[in-house]
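Visitor: What follows is a predicted structure for the sequence shown.
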Amino acid sequence: MPQVSQRSLSKPCYRILGIESSCDETAAAVVENGVTILSNVVASQASLHAPFGGVFPEVASRQHLITFSPVIEQALREAHVELCEVDAIAVTRGPGLPGSLVVGMNLAKGLAMVSGKPLIGVHHLEAHLLSTELIGEPERNSIAYPAIGLIVSGGHTELVLIEEPLRYRSLGGTLDDAAGEAFDKVARLLNLPYPGGPSIQIASKNGDANAFAFPRAWLEGSWNFSFSGLKTAVLREVKRLERFASGLPVEDLAASFQQAVVDVLVGKTLLAAETFQAKSILVVGGVSANQALREAFLSQSSLPVLIPPLFLCTDNAAMVAVVGYWRFLKGQVDGLEMDVLPNWPLVSLSESPQSTSGGGLVVLPDISE
Ligand code: KG4
Ligand code: ZN
């Protein structure tokens, strides 16, 4: 009698190797059935970029080249799987830094070629949204659709209507700086170390959030955001205060800035949830690690608010593997000719007639009126 493996007797079990390199984190992970993390390895380059006060693109891609092999080996080892045992390889295709994306993409192509496994290109923002799938039960069960998704990271601030899993409508985004970018730039103004988000959070702890009445750009009538006016207001205040010998009240400035960002992000997201009769809210991306933002959402929302644990807020490959799992189930795999898309808009991939391979993408209309 032929031997039947334990794996084929039980219900289908799919393991996806995720690869992420859209910015300054070199990451690989293995996730089982889209919900169970078998391994999640992240090599942060933060200390390399700190002297520049932001991500230096050439340094980032060079470091990805150096770090990727050991990171992938570690991810497979910790998951106790061989490359030939994963069911597909999912890689971030965009948006992100072109050079960084290319390193991850070429590596994923090489792995797909030698292993014969399917290759799946993943949208980085969709991966952030689906990082909520990794939260675990019972919290994950409170994701109900339609849902409003707020994606807040170093490169993006997007408000998204999630009509059902994998179907998104972009409601609006930032007109200038992303929320994380604003944190990073204001941290630099206050001489706080990079990355600015965590530094401002720490400085805010002992600050008075009402010390400075910084502006809130509500942009009423649209679901867009703007943070450059707020950044300029902080700069003006810093310049004014520098004339005095007493030194900058960094903690008060940080806390007042942070409060202004939190007010707008929470206020507009809750309004969108009400307007589109959402049943739950997902808050994802690096800035969702912010304690004040998390507390404001949880205390002000009457709907369930799902925010991933801190290690899944910032860039990681486990979230890439989750999207890979869902695309794999739908048969949406890509060919080896796939290229990176550094400016890929968030679109409804489920309506794409030809998977994620570029031409069939449906860019949804702006419905912010
Ligand atoms: O999602 P992410 O890791 O990378 C991008 O896709 O951009 O987000 C990085 C951003 C940085 O701007 C960083 O300052 C911000 O997330 N961030 C935070 C916090 N932790 C990270 N912002 C505010 N508060 C935090 N605790
Ligand atoms: Zn990100």
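Guide: The structure has been received and is ready for your questions. Numbers count the residues shown, from 1 in each chain. Ligands and ions are numbered 1, 2, ... in the order given.
Visitor: Tabulate the CA atom coordinates of stretch 229-247 in PDB.
Guide: Output of stretch 229-247 as PDB, limited to C-alpha atoms (Å, rounded to 0.1, in the frame of the first residue of the first chain):
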ATOM      1  CA  GLY A 229       0.800  72.300   7.700                       C
ATOM      2  CA  LEU A 230       1.100  70.700  11.100                       C
ATOM      3  CA  LYS A 231       4.800  70.100  10.500                       C
ATOM      4  CA  THR A 232       5.300  73.700   9.400                       C
ATOM      5  CA  ALA A 233       3.500  74.900  12.500                       C
ATOM      6  CA  VAL A 234       5.800  72.800  14.700                       C
ATOM      7  CA  LEU A 235       8.800  74.300  12.800                       C
ATOM      8  CA  ARG A 236       7.600  77.800  13.300                       C
ATOM      9  CA  GLU A 237       7.100  77.200  17.000                       C
ATOM     10  CA  VAL A 238      10.600  75.600  17.300                       C
ATOM     11  CA  LYS A 239      12.100  78.700  15.600                       C
ATOM     12  CA  ARG A 240      10.300  81.100  17.900                       C
ATOM     13  CA  LEU A 241      11.200  79.200  21.100                       C
ATOM     14  CA  GLU A 242      14.900  78.800  20.000                       C
ATOM     15  CA  ARG A 243      15.300  82.500  20.600                       C
ATOM     16  CA  PHE A 244      14.900  82.000  24.300                       C
ATOM     17  CA  ALA A 245      17.700  80.700  26.500                       C
ATOM     18  CA  SER A 246      15.500  78.200  28.400                       C
ATOM     19  CA  GLY A 247      15.800  75.500  25.700                       C
END
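Visitor: Ligand 1 contacts on this structure?
Guide: 23, 153-155, 180, 183-184, 195-198, 201, 285-287, 289-290, 314-315 (C-beta under 6 Å from any ligand atom). For the C-beta atoms, the positions are set from N, CA and C on the backbone; glycine is no exception.
Visitor: could you pull out the helices for the protein?
Guide: Applying DSSP state H to the chain gives helices spanning 6-9, 46-49, 57-79, 98-115, 124-130, 179-189, 196-204, 228-241, 250-275, 291-300, 310-313, 318-329.
Visitor: pLDDT (mean, whole number) over the fifth one?
Guide: What helix 124-130 shows for mean pLDDT is 95.
Visitor: Please determine whether that helix lies in contact with ligand 2.
Guide: No - Helix 124-130 lies out of reach of ligand 2 by C-beta under 5 Å from the ion, never closer than 5.5 Å.
Visitor: which residues touch that helix?
Guide: 20, 22, 92, 94-96, 149, 151, 153, 156, 158, 160, 162, 166, 168, 282, 284-285, 319-320, 322-323, 326, 344, 346, 349 (C-beta atoms under 8 Å, 6 or more residues apart in numbering).
Visitor: Let's have the helices of the chain in CSV, adding distance to Ala211 and mean neighbour count.
Guide: Output for the helices of the chain, formatted as CSV (distance: least, C-beta to C-beta, whole Å; neighbours: other C-beta atoms under 10 Å):
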stretch, distance to Ala211, mean neighbour count
helix 6-9, 59, 8
helix 46-49, 29, 14
helix 57-79, 36, 18
helix 98-115, 38, 20
helix 124-130, 32, 27
helix 179-189, 15, 24
helix 196-204, 11, 22
helix 228-241, 10, 15
helix 250-275, 4, 21
helix 291-300, 15, 16
helix 310-313, 27, 18
helix 318-329, 37, 28
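Visitor: can those helices go into a markdown table with extra columns for distance to Glu85?
Guide: Converted to a markdown table, those look like this (distance: least, C-beta to C-beta, whole Å):
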| stretch | distance to Glu85 |
| --- | --- |
| helix 6-9 | 9 |
| helix 46-49 | 32 |
| helix 57-79 | 9 |
| helix 98-115 | 9 |
| helix 124-130 | 22 |
| helix 179-189 | 36 |
| helix 196-204 | 37 |
| helix 228-241 | 48 |
| helix 250-275 | 40 |
| helix 291-300 | 37 |
| helix 310-313 | 24 |
| helix 318-329 | 14 |
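Visitor: Among those helices, which comes closest to Ala144?
Guide: helix 250-275 (11.5 Å; C-beta to C-beta).
Visitor: and the closest one, what other elements does it pack with?
Guide: Here helix 250-275 touches strand 147-152, strand 157-164, helix 179-189, helix 196-204, helix 228-241, strand 280-284, helix 291-300, going by 3 or more C-beta pairs under 8 Å, 6 or more residues apart in numbering; DSSP states H and E.
Visitor: Show which residues not belonging to the shortest one make contact with it.
Guide: Going back to what we said before, that points to strand 280-284. 128-129, 131-132, 142-145, 147-152, 162, 269-270, 273, 293-294, 297, 301, 303-308, 313.
Visitor: Give me the nearest residue to the closest residue to ligand 1 within the stretch 51-200 of the chain, chain neighbours excluded.
Guide: Nearest residue of the stretch 51-200 of the chain to ligand 1: Gly197, at 2.0 Å (C-beta to the nearest ligand atom). Excluding its sequence neighbours, the residue lying closest to Gly197 (C-beta to C-beta, 6 or more residues apart in numbering) is Phe183, at 4.2 Å.
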